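A.B. asks: The sequence and its predicted three-dimensional model are supplied below.
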Amino acid sequence: MSVCKSVLLIVGLGSCFAIPTHNYRPLRHYNLPRPSIQAFRPRGFKVSIPHTEGIQLFAFHGNINKPLEGLEAGQFSQDVLQREGNEWVFRESNAKLNVGDKIYYWLFIIKDDLGYRYNNEKYEVEVLSLDESKPTDNFDPPQTTSVTPDLAPNLGICEKVMVNLTQKLFDLQEETVSLRETNDILEDMLEKHNDTATTLTLDGLMIKDDDELVSVIQAIIKDKLGLKTRIENVTRKKNGMVKFQVGSLREKLEVVKAAKRKLKSSHFTITY
């Protein structure tokens, strides 16, 4: 059962990577709430967070009295796919805790197809409460495990894949934010200098008649590059190269990218 849950998480992460760029939302628009943790007598504990619209998954990974190494799965590892009322709850019914014991944990939440982590946390047991969600018994229930020996190796593989995908997701989202900021700055800088932002140079044109320059360059852009970009202010330099302008910085970038792909084997070159 746990293996299936891990696979579901990986599928959920896949949808994060599939988000179109134009719908991208910054990674830190959601502040993870501090979880509520209760330790019970004679056994068990509960970890919960309040529901917020858009949460799709709540995952808990933890150890008792043993710090976690990075994003390891831990002694307790579960992906919760349904909330209980207005809370997302992880329950462990077999762990026997004492006052002073420490729960080391990290959380993973998927909200609106984006992943969020609550890292490197520790909770110290100060009081043992009665678990009101269970009937009162005068004996300790026998210890059981939710993962059979045959599935344990698969669980480890799934957890490692999930952790790796999660980290790559965070790295890609942060890199996307940085690239967008850099792109906005460069566009702003170039647009303040219109000549630089819209001027291109064509080399390799053997036509001597300047009256035909506009029509020939326009034909190269249309037929060889497959673009509908209009050109203007065409002039021939002393070294024979031809300078021309397009309407905007974005059109200039389209021409440059198309020329790099489609003029590789041509005697024409378009540079910026």
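C.D. replies: Perfect, thanks for sending it.
A.B. asks: any chance you could map the helices in the protein?
C.D. replies: According to DSSP state H, the chain carries its helices in the segments 2-17, 152-191, 194-198, 213-219, 249-262.
A.B. asks: How about residues contacting the shortest one?
C.D. replies: With contact meaning C-beta atoms under 8 Å, 6 or more residues apart in numbering, helix 194-198 is reached by 190, 191, 245, 246, 247, 248, 249, 251, 252. Yep, even glycine has a C-beta here, placed from its N, CA and C like the rest.
A.B. asks: Okay, and the beta partners of the third one?
C.D. replies: This points to residue 245. Bridge pairing for residue 245 (DSSP bridges) gives the partners residue 199, residue 232.
A.B. asks: Please report how far it lies from residue 226.
C.D. replies: Remark: distance between residue 245 and residue 226 (C-beta to C-beta, to the nearest Å) = 20 Å.
A.B. asks: now do the last one
C.D. replies: In this view, residue 252 and residue 226 are 16 Å apart by C-beta to C-beta.
A.B. asks: Centre-most residue in this structure?
C.D. replies: Most central residue of the chain, judged by C-alpha distance to the mean C-alpha position with C-alpha atoms, centre = their mean, is residue 169 at 3.4 Å.
A.B. asks: So that one sits against residue 116, correct?
C.D. replies: No - taking C-beta atoms under 8 Å as the contact criterion, residue 169 and residue 116 are not neighbours in contact, 10.2 Å apart.
A.B. asks: so where is this structure shaky, pLDDT-wise?
C.D. replies: Residues of the chain meeting the criterion pLDDT under 70: 1-29, 133-164, 167, 189-190, 192.
A.B. asks: Break it down into its domains, please.
C.D. replies: 2-180, 194-271 (automatic domain parsing).
A.B. asks: To residue 186, which of those domains lies closest?
C.D. replies: domain 194-271 (9.1 Å; C-beta to C-beta).
A.B. asks: one step back: who's more crowded, residue 245 and residue 226?
C.D. replies: Of the pair residue 245 and residue 226, residue 245 is the one with more neighbours under other C-beta atoms under 10 Å, namely 19 against 10.
A.B. asks: quick one, what contacts the more buried one?
C.D. replies: By C-beta under 8 Å, 6+ apart, the contact set of residue 245 is 195, 198, 199, 200, 231, 232, 233.
A.B. asks: Could you measure from the third one over to residue 60?
C.D. replies: In other words, residue 199. Shown here: residue 199 relative to residue 60, a distance of 58 Å by C-beta to C-beta.
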